[in-house]
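Colleague: Return a 3D structure for these sequence lines:
(one chain, ligands or ions: 2)
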Amino acid sequence: MESTPIYLEKVILHRLVMELKTPFQTSFGTFTDKDFYIIEAVDNHGSRGFGESVAFPAPWYTEETGHTNHYVMTDFLIPLLLEKPINHPDDISERFSVVRRNNMAKAAVEGAVWDLYAKRKNIPLSKAIGGKKTKIDAGVSVGIQPTLDKLLAVIDNYVADGYKRIKLKIKPGSDVDIVREVRKHFPNIQMMADANSAYTLNDIDTLKQLAEFGLTMIEQPLGYNDIYEHSILQHQLQTPVCLDESINSLADAKAAVELGSCRVINLKIGRVGGISEAKRIHDYCRQKNIPVWCGGMLEAGVGRAHNIALASLPHFMFPGDISASGRYWHQDIIKPEVTVQNGEINLPEQPGIGYSIDWEALEAHRISKQVFT
Ligand SMILES: O=C(O)CCC(=O)C1=CC=C[C@@H](O)[C@@H]1C(=O)O
Ligand SMILES: [Mg+2]
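Modeller: Residues are numbered from 1 along each chain as shown. Ligands and ions are numbered 1, 2, ... in the order given. I've put the predicted structure just below:
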């Protein structure tokens, strides 16, 4: 798509703290609130685009944290962004390649430019990246619950809300029995399990037992940075393996697909360093017939909107971890909030991310603001 260069005048970092409605527990830790950045990029016409940093406060999921995101954005990425005009958002990942990894920091900044670019073109972000869908399927990721009864009750509510797929968190000692019980109570629901790297190849017998419950996939059973051992596992497992933590780039996706380490990939914009790299992985997986779906990072509204746009690409084949704003937040920072109807989210038709910033809500959660010119 041809475009005139973007001349950025300033970048504003808004640091926000938002309390989750209920704590989210995984095999590696519990989150009670989100401390993150909204990145606002402003060009010489006064157009504004917004991105969101998705790293958690602790380096439990990947090595990045809110602090490392702030350091890398302010000392390296924002100066690189302001250095010269931007011809197209796809060029930013190249410009940022002098900084190794730090993918969530890169994605947060790139996301703001993608939104601004689509707004200047007066088209929705989904269209700007090649998305065709008018609605996407919503799934929900259920944290580890204190008791089985509580877990069943929580799932019951999500099923009543219409979610099309339930993702359960599993870990050694809390796996086969839990999945069996949930399957017994919900015989027809599309269900999958996420282990967040809690297993090793020694657990292969346990993982094999999960096959009888018709899981659509098992997400990231082995090491967070492993591709090779997952290939050994996948060759012995009936259930498709989905990789999350292991896929940080197109190169990782190629290695995993070529080795047969997985049959599905969970795409998260932050984990792979931005929308441009996510599109490249999507296009490669489409060629290779490996379905992808959109993961979540307990995003506030801006990050959620980016996920919705990404999931409108054609090869997103399963419901994403893209739930309603109200699943995590008492009040989101966008207007309107994201809602789920009959298990689906309608793609917004407004330009850019398609939702407005609710400045009153954003300012209520903001603990600091920095302006870079
Ligand atoms: O954003 C959501 O709703 C999904 C959250 C979710 O399942 C995860 C977020 C971050 C780390 C993990 O616990 C997990 C995942 O691995 O996908
Ligand atoms: Mg995961």
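
Colleague: Let's verify the residue of the stretch 101-250 of the chain found nearest ligand 1: helix, strand, or coil?
Modeller: Across the stretch 101-250 of the chain, no residue is closer to ligand 1 than residue 141, which sits at 3.3 Å (CB to the nearest ligand atom). For every residue, glycine as well, the C-beta is placed using N, CA and C. Classification of residue 141 by DSSP: H, G, I helix; E, B strand; the rest coil places it in strand.

Colleague: and if you look at residue 230?
Modeller: helix.

Colleague: next one: residue 199
Modeller: Judged by three-state DSSP, the three-state class of residue 199 is coil.

Colleague: out of everything not next to it in sequence, what's closest to it?
Modeller: residue 221 (4.7 Å; CB to CB, 6 or more residues apart in numbering).

Colleague: can you count the residues close to the one you found?
Modeller: Residues lying near residue 221 (other CB atoms under 10 Å) number 30.

Colleague: what do you get for residue 186?
Modeller: 15.

Colleague: Show the pLDDT at it.
Modeller: Here the pLDDT value assigned to residue 186 is 96.

Colleague: In the protein, what residue spans correspond to helices?
Modeller: With DSSP state H as the criterion, the chain has helices at 66-72, 78-83, 92-95, 103-121, 125-128, 148-161, 176-185, 204-209, 228-236, 250-259, 269-272, 275-288, 301-310, 359-365.

Colleague: Dump the ones you listed to CSV, plus mean neighbour count.
Modeller: Below are the helices of the chain laid out as CSV (neighbours: other CB atoms under 10 Å):
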stretch, mean neighbour count
helix 66-72, 19
helix 78-83, 17
helix 92-95, 18
helix 103-121, 27
helix 125-128, 24
helix 148-161, 15
helix 176-185, 16
helix 204-209, 15
helix 228-236, 17
helix 250-259, 18
helix 269-272, 28
helix 275-288, 20
helix 301-310, 28
helix 359-365, 16
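
Colleague: any chance of those helices in JSON lines, plus distance to residue 32?
Modeller: Putting the helices of the chain into JSON lines (distance: least, CB to CB, whole Å) gives the following:
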{"stretch": "helix 66-72", "distance to residue 32": "14"}
{"stretch": "helix 78-83", "distance to residue 32": "29"}
{"stretch": "helix 92-95", "distance to residue 32": "33"}
{"stretch": "helix 103-121", "distance to residue 32": "20"}
{"stretch": "helix 125-128", "distance to residue 32": "30"}
{"stretch": "helix 148-161", "distance to residue 32": "17"}
{"stretch": "helix 176-185", "distance to residue 32": "23"}
{"stretch": "helix 204-209", "distance to residue 32": "30"}
{"stretch": "helix 228-236", "distance to residue 32": "31"}
{"stretch": "helix 250-259", "distance to residue 32": "31"}
{"stretch": "helix 269-272", "distance to residue 32": "20"}
{"stretch": "helix 275-288", "distance to residue 32": "28"}
{"stretch": "helix 301-310", "distance to residue 32": "18"}
{"stretch": "helix 359-365", "distance to residue 32": "15"}
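
Colleague: Mind putting those helices into CSV with distance to ligand 2?
Modeller: Output for the helices of the chain, formatted as CSV (distance: least, CB to the ion, whole Å):
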stretch, distance to ligand 2
helix 66-72, 19
helix 78-83, 29
helix 92-95, 23
helix 103-121, 14
helix 125-128, 24
helix 148-161, 17
helix 176-185, 16
helix 204-209, 15
helix 228-236, 13
helix 250-259, 14
helix 269-272, 9
helix 275-288, 15
helix 301-310, 14
helix 359-365, 26
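
Colleague: Near residue 249, how many other residues are there?
Modeller: Neighbour count of residue 249, defined by other CB under 10 Å: 17.
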